[in-house]
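1. Fold the following.
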Amino acid sequence: MAMETGGPVTQKPVGTMDRMINGIEWLAAMFVGIVALNIFAAVVLRKFFNTSIPDSYDFGRMLLGILIFWGIAATSYRGGHITVDLVWTAAGPRMKRAIDVFATLILLFVVAVQTAMLFDKVRGTYVDNVLTYDMNIPTWPFYAVAWLGDVSAVVLIAIRTWRLIFNPELLDEVHPEQKADE
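-> Now for the predicted structure:
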């Protein structure tokens, strides 16, 4: 049960970037549901009806790849992924911000290189006309959707970097040690 504080409730304004960030996070969540539905349907069909979805293994494999890259996009902006903050915890506020900016720049570089390499994979599967086993469906669109997740990760990390440097108040930063102190 929430307590009334008596003061006005203020909400952060939601701009275009925030709507884009929320949309990317919703897409990542939808891919989790699609992967779960694919696995559930494959198991039920195999167990109770002794049949399977054609190419369910290929779909599952490619959907899992899509899920991973869109998951990277979703976790990269919020900073809610698992981190080791031993040095960060001991640092002062200015050093914490410097560490955050440096770490985010490194992450941006790594994910940008990964995105370039994944585009090469998309191009390669398109040029080589790689198909699924049962229904001969081209696989490059699945790789392209995964690549778009990686592109989204780069965009979100760039937004995070910008906000860390110029508008840190726009980030919803919550670190576990801060929760423990409350």
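
2. Please count neighbours and contacts with C-alpha atoms only from this point.
-> Noted.

3. any idea which helix or strand of the chain has the worst average confidence?
-> Per-element confidence for the chain was summarised using mean pLDDT, DSSP states H and E. The lowest value among helices and strands belongs to helix 176-181, with a mean of 47.

4. ok, which stretches of this structure are helices?
-> Using DSSP state H, the helices assigned to the chain run over residues 16-49, 56-78, 86-90, 93-127, 140-166, 176-181.

5. Just the C-alpha atoms of the shortest one, please, in PDB.
-> Which is helix 86-90. Included here for helix 86-90 are C-alpha records, laid out as PDB according to Å, rounded to 0.1, in the frame of the first residue of the first chain:
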ATOM      1  CA  LEU A  86      33.800  -2.900  -7.200                       C
ATOM      2  CA  VAL A  87      35.800   0.100  -8.400                       C
ATOM      3  CA  TRP A  88      32.700   2.100  -9.200                       C
ATOM      4  CA  THR A  89      31.200   1.600  -5.700                       C
ATOM      5  CA  ALA A  90      34.400   2.900  -4.000                       C
END
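
6. list the helices and strands it packs on?
-> For helix 86-90, the packing partners by 3 or more C-alpha pairs under 8 Å, 6 or more residues apart in numbering; DSSP states H and E come out as helix 93-127.

7. Just want the angle from the helix it packs on to helix 56-78.
-> Inter-element angle recorded for helix 93-127 and helix 56-78: 150 degrees (by axes from the mean of the first three to the mean of the last three C-alpha atoms, to 10 degrees).

8. you'd agree residue 70 is up against residue 146?
-> Yes: under the criterion of C-alpha atoms under 8 Å, residue 70 lies in contact with residue 146, with a separation of 6.9 Å.

9. Between the two, point out the one with more neighbours.
-> Counted by other C-alpha atoms under 10 Å, residue 70 and residue 146 do not tie: residue 70 has more neighbours, with 30 against 25.

10. Please tell me how far that one sits from residue 108.
-> Here the criterion is C-alpha to C-alpha, to the nearest Å. By it, residue 70 lies 15 Å from residue 108.

11. shaky segments in this protein?
-> Scanning the chain with the threshold set as pLDDT under 70 gives 1-14, 79-84, 172-182.

12. repeat that with 50
-> Applying pLDDT under 50 to the chain flags residues 1-4, 7, 9, 176, 179-182.

13. What is the end-to-end distance of stretch 74-93?
-> With C-alpha to C-alpha, one end of stretch 74-93 sits 26 Å from the other.

14. List the buried residues of that stretch.
-> Neighbour-count burial for stretch 74-93, with 16 or more other C-alpha atoms under 10 Å as criterion, is recorded at 74, 75, 76, 77, 78, 79.

15. Then stretch 153-173?
-> Judged by neighbour count using 16+ other C-alpha under 10 Å, the buried positions of stretch 153-173 are 153, 154, 155, 156, 157, 158, 159, 160, 161, 164.

16. got the CA coordinates for it in PDB?
-> Listed next in PDB are the C-alpha coordinates belonging to stretch 153-173 (Å, rounded to 0.1, in the frame of the first residue of the first chain):
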ATOM      1  CA  ALA A 153      21.500  -1.700 -29.600                       C
ATOM      2  CA  VAL A 154      24.000   0.700 -31.200                       C
ATOM      3  CA  VAL A 155      21.400   3.500 -31.300                       C
ATOM      4  CA  LEU A 156      20.400   3.000 -27.700                       C
ATOM      5  CA  ILE A 157      24.000   2.800 -26.500                       C
ATOM      6  CA  ALA A 158      24.700   6.000 -28.400                       C
ATOM      7  CA  ILE A 159      21.700   7.700 -26.800                       C
ATOM      8  CA  ARG A 160      22.800   6.400 -23.400                       C
ATOM      9  CA  THR A 161      26.300   7.800 -24.000                       C
ATOM     10  CA  TRP A 162      24.900  11.200 -25.100                       C
ATOM     11  CA  ARG A 163      22.700  11.300 -22.000                       C
ATOM     12  CA  LEU A 164      25.500  10.200 -19.700                       C
ATOM     13  CA  ILE A 165      27.700  13.100 -20.900                       C
ATOM     14  CA  PHE A 166      25.200  15.900 -21.400                       C
ATOM     15  CA  ASN A 167      22.000  15.000 -19.600                       C
ATOM     16  CA  PRO A 168      22.600  12.400 -16.800                       C
ATOM     17  CA  GLU A 169      19.400  13.400 -15.100                       C
ATOM     18  CA  LEU A 170      17.400  11.800 -18.000                       C
ATOM     19  CA  LEU A 171      18.800   8.300 -17.100                       C
ATOM     20  CA  ASP A 172      16.900   6.000 -14.700                       C
ATOM     21  CA  GLU A 173      20.100   4.800 -13.000                       C
END
